[in-house]
Each structure stands twice: as structure tokens, then as C-alpha cells.
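In: Just to be clear, the model below is a prediction. Sequence and coordinates:
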Amino acid sequence: MGFFSKSPARPDTPADPRIEFKVQPRARRISLKMDNARRRMIVNAPSERQMPAARRFARDKADWIAVHLEALPPAQPFEKGGYVMYQGAPALIVSPPGRGRPRFEPATEHSPAKLIVPAPPDALDGRVRRFLIKQAREAVTQCTQYHAEQLGVTVSKITVRDTSSRWGSCAPGGVISYSWRLICAPPFVLDYVCAHEVAHIIEANHSRAFWDLLDTLVDTVKPAKKWLNTNGAKLHAVGANF
Ligand SMILES: [Zn+2]
């Protein structure tokens, strides 16, 4: 009943891009779930039919949703004059005209670190992103190979993606994948994640033997895990537009 209600439809408020509605057949009821990696509140409805109810539910919970969204670190869009976290420190995005190669310039006594990315304004976001992914790929490849040599194991493939739940993962056969966002973390954190995944080639678990093996590769397990727990959401804010 009330399903074909005659009451005039309320004009929809402009959709907040930070709220995503999803049909989730396995869900038993309408529910909210914060997705920190994608910086969104997910509103799950068991079926398409329950979507209007899901929208009402989200409106009723607007305050609660706002509190959670506002707890996220501010978005760091790739904009001229903005800052991006790079190797654990802020780097100023400088975008001169022209088509030169993007490059990183370390901080000096007189100027902050810079990402120098020549690009027209509408291509800047893509160029910064590709530059970071390329730097990430180089860094994790070098680091992974170093640790693999230490353990005498073979890594068959390294991929770099935008993962949401894990910074790295190791599949059987020595296939390792990483989040490109690790290039934004301090180098000791990237190093730890690479060592962690390489150690999984020998110990495909999180047993005592695994952690002991990892300790032979790096001595920064605790601080690196702590850094990721504290700052993981900041890595997901890199390049976010809202
Ligand atoms: Zn692991």
C-alpha cells in the first residue's frame, strides 16, 4: 500500500556525489556503510523496489551521514597551486605551459618540493595521476625485486592499481599487486609493503613464521603499520575531487 501513492513526488534535491545508492540483493534491509577508500557513504537496498525507501532513509539519516563524511581527510584534487602528498611530504603542483616531461623536484632551503607537470588545465588531473602511477610502478618494482633477491624467490608479475581495501596483495605463483598510492606514503612504508608481499611468497599466511621472516627483511614493521593505520585515509584523499 502507498506504493502508488498519489502524493506529489518531492523534487529531488541535487544528488550528493558522496552518497551512492546500490542494490545489494544479499542485504536483508536498507543499510548504510561508509566506504573510506572511495570516500563515499553507500546506501544499500535489497531491491530496486526499495530504492525510494532507501532515499528516504538516507534523508532521515542526513546528519549522521554528514558527520561520517566530514570526518574524512580533505580531498586533495590535482590542481595547479595545490599540494599533493608525495613520498610522505607535501609537494606543490606546478604546471607550466608546454608539453615537457613531468618531474619531481625535491625541496630546497628556499622552496617546497614540487611536482612539475606541464599540461593544459583540463589535462592536468590525468597527467599528475599517470605520473604518480609511473613513479609508483618504478618504486615498487625496484623494492620488490630487492626483497625477492634477499629471499631468493621469484616474483612473476607486479601490477599497480587503485586498490581500495589493501595496499598490496600476493597471489599464488608470485603475482603481486600494489596500490599506486603507496608512492604518496613515506618510502619506509612503501618498502614495508613490498617486503610484506614478497614474504608471502614463502609464507602465504600471517603466522608467526611469516612475521619472523618479514623481520629479516625490514626493521620497520611496527611504525609502517602504524603509519598506514593513521594515514591510510589521507592516501585515499590524494587526487580526490570531493
Ligand atoms: Zn599480508
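Out: That came through, no problem.
In: going forward, measure contacts between C-alpha atoms and count neighbours the same way
Out: OK.
In: how far away is the nearest residue to Ala237 once chain neighbours are set aside from Asn44?
Out: Of all residues not flanking Ala237 in the chain, Ala75 sits nearest, at 4.8 Å (CA to CA, 6 or more residues apart in numbering). Distance of Ala75 to Asn44, given as CA to CA, to the nearest Å: 24 Å.
In: between those two, who's got more neighbours?
Out: Asn44 (23 against 16; other CA atoms under 10 Å).
In: Give me the pLDDT for that one.
Out: pLDDT, the model's per-residue confidence, is 96 for Asn44.
In: Which residues are in contact with it?
Out: 21-24, 27, 29-33, 54 (CA atoms under 8 Å, 6 or more residues apart in numbering).
In: Helix, strand, or coil at it?
Out: Secondary structure for Asn44, judged by DSSP: H, G, I helix; E, B strand; the rest coil, is strand.
In: Of the contacts of Asn44, which belong to strands?
Out: Among these, the members falling in strands are 21-23, 31-33 (criterion: DSSP state E).
In: buried subset of the residues you listed?
Out: Among the ones in strands among the contacts of Asn44, those scoring as buried are 21-23, 32 (criterion: 16 or more other CA atoms under 10 Å).
In: Which other helices and strands does the longest helix along the chain contact?
Out: Longest helix in the chain, counting residues (DSSP state H): helix 121-151. Contacts defined by 3 or more CA pairs under 8 Å, 6 or more residues apart in numbering; DSSP states H and E place helix 121-151 against strand 157-161, helix 187-202.
In: Give me whichever of those is most buried.
Out: Using mean count of other CA atoms under 10 Å, the stretch among the helices and strands packed on helix 121-151 with the greatest mean number of neighbours is helix 187-202 (a mean of 24).
In: Nice, that's everything, thank you.
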